[in-house]
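# generate a structure from the sequence data that follows.
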Amino acid sequence: MLKYYEVYIDKNLVLKYLGYKDKIPPKGISDEVGQCVDESYEFINPIICFDQFQFRLDGGILLPDGSIIEDGHIIESLRRANYIVMAVLTLGNKIDVKISDLFDRNDYMEGMIYDVIGNVALEYLGKIFWQDLLEGAKKQSMGITQSLSPGSGGWKDIADQRMIFNNLDTSSIGVELTDTFMMKPMKSLSVIYGIGRDVKTSAMDHDCAECPLVDCPYRKEMIKCAD
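Numbering: from 1, shown residues only. Model prediction:
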């Protein structure tokens, strides 16, 4: 299944991720970021490929293709779910090309701004998709976990992304997984969510408290997304 969204890029969040969390940015920087944000929408094409799957607990989370998630944190997160949703989210290739062109021209400042803009847009896309899944879960009297991404947070092995790609046809959105388990386009994200009657809905789509990267510039305080 495919889903298309419009994203909102918060200029203040871009500035925060550029290092202006606790200080006012110079007017020149603020103006440049604002202009880049305004122009960036033409380079962003948000789309999500997703589907829902049944699974079994059999030495781990046994997926439809026969592969098994053996990560203890993920097993504990999903074990109470009635089903899981696998998804790959992407902003498309244009923003990758834009960022690459800027760095190739040695325009490092604007290149960095666009790189952060892409991350903010992808984060927003993840939030609104999670909210849509939450609303669907509520109609079934079910709860939903936070997003679970291989190589991020408590899910240690990035190679587990292969399981998601084996169960979804991501060619429909132009996303591929490389031999080193990186996604192309780069502004893409692979995720799994657990949905079930015995699942307690997460307070947010992603909890930075579970990530060991304490110095990550995108780390944020917990902000409640759901009732």
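# contacts, neighbours, all on C-alpha from now
Noted.
# in the lengthiest helix in the chain, what's buried?
In the chain, with assignment by DSSP state H, the single longest helix is helix 108-139. Across helix 108-139, burial judged by 16 or more other CA atoms under 10 Å covers 110-111, 113-131, 133-135, 137.
# go on, stretch 155-173?
By neighbour count with 16+ other CA under 10 Å, stretch 155-173 contains the buried residues 155-156, 160-165, 167-170, 173.
# with distance to residue 8 and pLDDT added, can I get those in CSV?
Formatted as CSV, the buried residues of stretch 155-173 follow (distance: CA to CA, whole Å; pLDDT from 0 to 100):
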residue, distance to residue 8, pLDDT
155, 28, 93
156, 30, 90
160, 30, 94
161, 27, 95
162, 30, 95
163, 30, 94
164, 27, 96
165, 27, 96
167, 29, 94
168, 27, 96
169, 27, 95
170, 24, 97
173, 20, 97
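# between the residues you listed, which is closest to residue 147?
residue 155 (10.6 Å; CA to CA).
# the closest one: which element?
Counting by DSSP states H and E, there is no helix or strand that carries residue 155.
# alpha carbons of stretch 23-40, as CSV, please.
The C-alpha trace of stretch 23-40 is given here as CSV (Å, rounded to 0.1, in the frame of the first residue of the first chain):
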residue,chain,number,x,y,z
LYS,A,23,20.7,30.9,21.7
ILE,A,24,19.3,33.3,19.2
PRO,A,25,20.8,32.8,15.7
PRO,A,26,22.4,35.7,13.8
LYS,A,27,19.9,37.4,11.5
GLY,A,28,21.9,36.3,8.4
ILE,A,29,21.7,32.6,9.5
SER,A,30,18.0,32.9,10.4
ASP,A,31,17.2,34.5,7.0
GLU,A,32,19.1,32.0,5.1
VAL,A,33,17.4,29.1,6.9
GLY,A,34,14.0,30.7,6.2
GLN,A,35,14.7,31.0,2.5
CYS,A,36,16.0,27.4,2.3
VAL,A,37,12.9,26.1,4.1
ASP,A,38,10.6,28.0,1.7
GLU,A,39,12.4,26.7,-1.4
SER,A,40,12.9,23.1,-0.1
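# perfect, that will be all.
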